[in-house]
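1. Sequence and predicted structure, then a few things I'm wondering about:
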Amino acid sequence: MPGIRQQIIRGGLESLYFTGAHRALQPFVGGVGAILTLHHVRPARPGRFQPNRLLEVTPDFLDRVVKDLRRSEVEFLSLDEMYRRMRDGDFSRRFVCLTFDDGYRDVKQWAYPILKEAGVPFAVYVPTSFPDGLGELWWLALEAVIARNDHIGLQIDGRNRTFDCATVADKRALYDELYWWLRARPTEAEMRNVIHDLAACYHVDMAASCRNMCMSWRELAELAADPLVTIGAHTINHPMLAKLPVEVVRSEMDLSRSIIEAALAVRPEHLSYPVGDRSAASAREFAIAAELGFKTAVTTRPSVLFPEHSQCLTALPRISLNGEYQRLRYVRVLLSGSATAMWNGFRRLDAA
């Protein structure tokens, strides 16, 4: 199923590009700019079972994207400057903001030198449990459990089930099934408990994975010292906020900002909702972020930015630089607004 979906998306992007439809539509759906979402930047890894490959792009691809956008005369903005332009209606030139979720170490190792040399500002949204070495990167734990085993036992909906996953195809199918089953759990606690049990049973050390993958506070401080870098909040524990009580949502947002301020002497004014789709953040979360005084907050709902987004600055969409689609022509299509306009039924705002 994931392979079929990728083929459909890729086919749609190819069609929009090679027919020239993306250029024809851009004057009508291109908006005023875009916020790009990235996670990992690192060399391609070997191995056929990589269900989270969508979250990583290569340094070479990032470098080519930056150079291509420079040639197209798109302006790279910090989040503060993007906020100012949206607030003031200053849309004289199209812009792009680069944002990295989660604070992975490879961003400092591989992305930062590229962006520093090019003079490109960017933001890193940090869940504060990650630099503390306590974060639960549960999607990676699930990948590790399936990658290391040919058979997995798990209780699903009150029944003990055993899954065979000896082949790469079986592993891909099982990851997709369990990932979306976990995402559908009614509470964050239930989902985390299942992952805790899986990790314990199959000897996956989530804390060690966090320490290995994520920047420490010292590394973040080194990065934050550069004026090109904006540090944003990304909650404490990276939960799906929509599944939490309102007082916990408020604490996750506000306390994470205070923790970052204490550690880095900079108070974040911009927020990223973990996961960020409709199941994880919606009108309640957007309102809380605004009440707490964040200048902007970003989702993962796909769209370019339109002037109308100045009315809902804590519900901003982004365009993902997806590791499964590392072609400059796909980036051009996405930034034209044509693909996301079709995806959204040509609706500009989605802030409910």
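-> Structure received. Numbering: from 1, shown residues only.
2. contacts and neighbour counts: CA atoms only from here.
-> Noted.
3. How far off centre is the strand or helix carrying Ala189?
-> Using DSSP states H and E, Ala189 maps to helix 188-201. Relative to its parent chain, helix 188-201 has a centroid offset of 22 Å by Cα atoms, centre = their mean, to the nearest Å.
4. what helices or strands is it leaning on?
-> helix 138-148 (3 or more Cα pairs under 8 Å, 6 or more residues apart in numbering; DSSP states H and E).
5. Okay, angle between the helix holding Ala189 and helix 138-148 too, please.
-> 30 degrees (axes from the mean of the first three to the mean of the last three Cα atoms, to 10 degrees).
6. contact partners of the next helix-or-strand element following helix 188-201?
-> Using DSSP H and E, the next helix or strand after helix 188-201 towards the C-terminus is helix 206-213. Residues outside helix 206-213 that contact it (Cα atoms under 8 Å, 6 or more residues apart in numbering): 104-106, 130-131, 133-138, 141, 199.
7. and if you look at stretch 97-109?
-> Residues contacting stretch 97-109 (Cα under 8 Å, 6+ apart): 34-42, 76-79, 82, 121-127, 130-131, 213-215, 220, 223, 234, 272.
8. Give me the buried entries from the contacts of helix 206-213.
-> 104-106, 130-131, 133-138, 141, 199 (16 or more other Cα atoms under 10 Å).
9. Over to Glu222. Which of the three states is it?
-> Put simply, Glu222 is helix when judged by DSSP: H, G, I helix; E, B strand; the rest coil.
10. That one: neighbouring residues, count only.
-> As a burial measure, Glu222 scores 12 neighbours (other Cα atoms under 10 Å).
11. Offset the numbering so it begins at 870, please.
-> New numbering, starting at 870: the last item is Glu1091.
12. how much space between it and Leu1097?
-> Relative to Leu1097, Glu1091 is positioned 12 Å away (Cα to Cα, to the nearest Å).
13. Kindly report the same for Arg1052.
-> 35 Å.
14. neighbour-wise, which of these two wins?
-> Taking neighbours as other Cα under 10 Å, Arg1052 and Leu1097 compare with Leu1097 leading, 17 against 14.
15. Pull the number of nearby residues for the closest residue to His909 other than its chain neighbours.
-> Nearest non-adjacent residue to His909, counting by Cα to Cα, 6 or more residues apart in numbering: Glu925, 4.3 Å away. Neighbourhood size, Glu925 [other Cα under 10 Å]: 21.
16. And for the one 5 residues further on?
-> Other residues near Phe930 come to 18 when the count uses other Cα under 10 Å.
17. State the distance from it to Trp1086.
-> For Phe930, the distance to Trp1086 - Cα to Cα - is 28 Å.
18. can you list the domain ranges for this protein.
-> 871-1000+1090-1212, 1007-1076 (automatic domain parsing).
19. out of these, deepest packed?
-> domain 871-1000+1090-1212 (a mean of 19; mean count of other Cα atoms under 10 Å).
20. which SS class is Val1167?
-> Of the three states, Val1167 takes strand under three-state DSSP.
21. hang on, it packs against Leu1140?
-> Yes - the pair Val1167 / Leu1140 is scored as a contact, 6.4 Å apart, by Cα atoms under 8 Å.
22. packing partners for whichever helix in the chain runs longest?
-> Counting residues, the longest helix found in the chain (DSSP state H) is helix 1115-1133. When contacts are defined as 3+ Cα pairs under 8 Å, 6+ apart, helix 1115-1133 packs onto helix 1086-1093, strand 1098-1102, helix 1152-1160.
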